[in-house]
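Novice: model the following, please.
(one chain, ligands or ions: 1)
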Amino acid sequence: MTDLLSLLPPGSDVDGGVLRISGCRVDDLAREFGTPAIVVAEPALRARAREYREEAAKRWPRARVVFASKSFPATAVQRVMVEEGLGLDVAGGGELRSAVKAGIDPALLVLHGNAKSTDEIEYAVQAGAGLVVVDNADDVDRLEAAVPLGSTQGVLVRVVPGIESSTHPHVATGQIGSKFGLTPPAAKALIERIERSPRLSMQGVHAHVGSQILDPSELAAAVEPLAAMGQFPVYDLGGGLGARYTYDEHPPAVADYLDALLGAARAHLPAEAEIIIEPGRSMVNAAAATLYTVTTVKRDARNFVAVDGGMGDNLEVALFGQRYEAALAARMDEEPAEDAVIVGRHCESGDVLIDGIRLPAAKVGDLLVVPATGAYTHTMANNYNGYRRPPVVFANEGQARAVVRRETWEDLFARDV
Ligand code: LLP
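Specialist: Sure thing, here's the model as predicted:
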């Protein structure tokens, strides 16, 4: 079971059979904050942010790391990124508002979206967002209406680089036919329009190939099509590096990914340009684990171990067939004894967290930990079956604090009119 430590947040260990995340025993965490809970090892999160910033700076003098907020848009997580010197990429008005609350220097904000509303564009302009990534001509209409004459808004234009990646089709965005951005000829025409606009400052081009990409050459392949768009002060190469979820996956290290990406930049982009990268999943996934309590155990056609969460706090399995690993978090030293199916509490057959895993014989009340749940869990959590979305707890060398509380029953009715 100690194998699981390689998937748990760096700094995790086992103390008398009980898992500790950044010095916090999971049984204590469960007592104090309840389960399910998303537990983030704060030092690991900070270390990863620093690793990204330092490795990028080593390879490109004007590199800027911008955290893709959508992967974990808790204000406290955005604040960690701000404190570690990163910018924030936001997809829409909600993430934009929490970025402002997290204390971002607005100049380091990058606003994305294929369907930005007039309100969102007006708010971004008023907040002083450094870059708005234009996805379509309607964005330009709205920006021209929102920017007062005499000031200018920096923009990037999102280009479809025409790259087929080997990731799940639902998270592939670089191929022709993607709903995001414009094909190079259409992007060129829009760039000419932006260059003529007195209210817009054409800063550069952007591409995002897709998410959970394990081959860095697929990400680096976006550089050449962007270079072919012309010379600009800024090139935003998006995010997309894959994270490790299972024992047999070995995604590239940040350094290897940046070698490939910025190596391609050296070959094709102007040396004085600023390069932006937007990591999300690979920034936050490893720093967190989700803690559940076993609610029922049914040894029948299969050994069903049901927990107190599921697709209400983790949609990755239902949406993308993501595979996870798990362990009984207070019985870490025990040998596996049976094949189990870890299922959630929701009224949906697809609400299976792990379809087949070797575990010690689970019993009601056991704690179950699922590692590598930092990315796209909290952000896509939902209220299906009246589920109260779980808290986010920061563990920091023996000290724990909730940075997002669990929803209350009252929260469930807060929107009733
Ligand atoms: N930049 C842009 C413009 C993006 O659209 C994304 C992710 C990122 C950066 C960050 O990509 P990452 O480094 O996290 O791969 N909901 C899906 C993931 C969708 C990703 C969307 N875009 C999921 O649950 O897996």
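Novice: which ones are touching the residue nearest to residue 377 when sequence neighbours are not counted?
Specialist: Leaving aside its sequence neighbours, residue 377 sits nearest to residue 314 (C-beta to C-beta, 6 or more residues apart in numbering; 4.9 Å). Every residue, glycine included, has its C-beta placed from N, CA and C. Neighbouring residues of residue 314 by C-beta atoms under 8 Å, 6 or more residues apart in numbering: 290, 353, 370, 373, 377, 381.
Novice: try it again with 10 Å
Specialist: Contact partners of residue 314, counting by C-beta atoms under 10 Å, 6 or more residues apart in numbering, are 36, 38, 290, 292, 322, 324, 344, 351, 353, 370, 373, 376-378, 380-381, 390.
Novice: and the residue of the stretch 301-417 of the chain found nearest the ligand, what does it touch?
Specialist: Nearest to the ligand, among the residues of the stretch 301-417 of the chain, is residue 376, at 3.2 Å (C-beta to the nearest ligand atom). Residue 376 makes contact with 70-72, 171, 211-212, 243, 280-281, 284-285, 314-316, 319-320, 322, according to C-beta under 10 Å, 6+ apart.
Novice: which helix or strand contains it?
Specialist: Of the helices and strands defined by DSSP states H and E, none includes residue 376.
Novice: so what's residue 40 up against?
Specialist: Residue 40 makes contacts with 9, 21-22, 72, 74, 76-77, 80, 284, 287-289, 373-374, 378, 392-396, 400, 403, as judged by C-beta under 10 Å, 6+ apart.
Novice: show me the residues you listed that map onto strands.
Specialist: If you go by DSSP state E, the contacts of residue 40 have 21, 288, 289, 392, 393, 394, 395, 396, 400, 403 in strands.
Novice: in CSV, list those along with distance to residue 237.
Specialist: As requested, these are exported to CSV (distance: C-beta to C-beta, whole Å):
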residue, distance to residue 237
21, 32
288, 25
289, 29
392, 29
393, 33
394, 30
395, 32
396, 32
400, 36
403, 30
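Novice: which bits of the chain sit near the ligand?
Specialist: Residues of the chain lying near the ligand by C-beta under 6 Å from any ligand atom: 68, 70-71, 89, 112, 171, 208, 211, 238-241, 278-282, 316, 320, 376, 380.
Novice: mind checking the SS state of residue 50?
Specialist: helix (DSSP: H, G, I helix; E, B strand; the rest coil).
Novice: which one is it nearest to, not counting chain neighbours?
Specialist: Nearest non-adjacent residue to residue 50, counting by C-beta to C-beta, 6+ apart: residue 84, 5.8 Å away.
Novice: what about the one you found, distance to residue 288?
Specialist: Applying C-beta to C-beta, to the nearest Å, the value for residue 84 to residue 288 is 16 Å.
Novice: next: residue 225.
Specialist: With distances taken as C-beta to C-beta, residue 225 is found 34 Å from residue 288.
Novice: the two - which one has more neighbours?
Specialist: residue 288 (29 against 20; other C-beta atoms under 10 Å).
Novice: so what's the more buried one bridging to?
Specialist: Note on residue 288: beta-bridge partners by DSSP bridges are residue 40.
Novice: distance of residue 262 from the ligand?
Specialist: From residue 262 across to the ligand, the span is 16 Å (C-beta to the nearest ligand atom, to the nearest Å).
Novice: which non-adjacent residue is nearest that residue?
Specialist: Residue nearest to residue 262 in three dimensions, not counting chain neighbours: residue 59, with 4.2 Å by C-beta to C-beta, 6+ apart.
Novice: then residue 164?
Specialist: residue 175 is the one closest to residue 164 (C-beta to C-beta, 6+ apart), at 5.1 Å.
Novice: identify the residues contacting that neighbour.
Specialist: Residue 175 makes contacts with 160, 161, 162, 163, 164, 165, 169, 209, 210, as judged by C-beta under 10 Å, 6+ apart.
Novice: same deal with residue 71?
Specialist: Residue 71 is in contact with 77, 89, 211, 239, 243, 278-285, 374-379, counting by C-beta under 10 Å, 6+ apart.
Novice: residues touching the closest residue to the ligand within the stretch 1-150 of the chain, list them.
Specialist: In the stretch 1-150 of the chain, the residue that lies nearest the ligand is residue 68 (3.5 Å; C-beta to the nearest ligand atom). For residue 68, the contact set (C-beta under 10 Å, 6+ apart) comprises 81, 88-91, 95, 110, 112, 208, 211, 238-240, 277-284, 375.
Novice: please consider this matter closed, and thank you.
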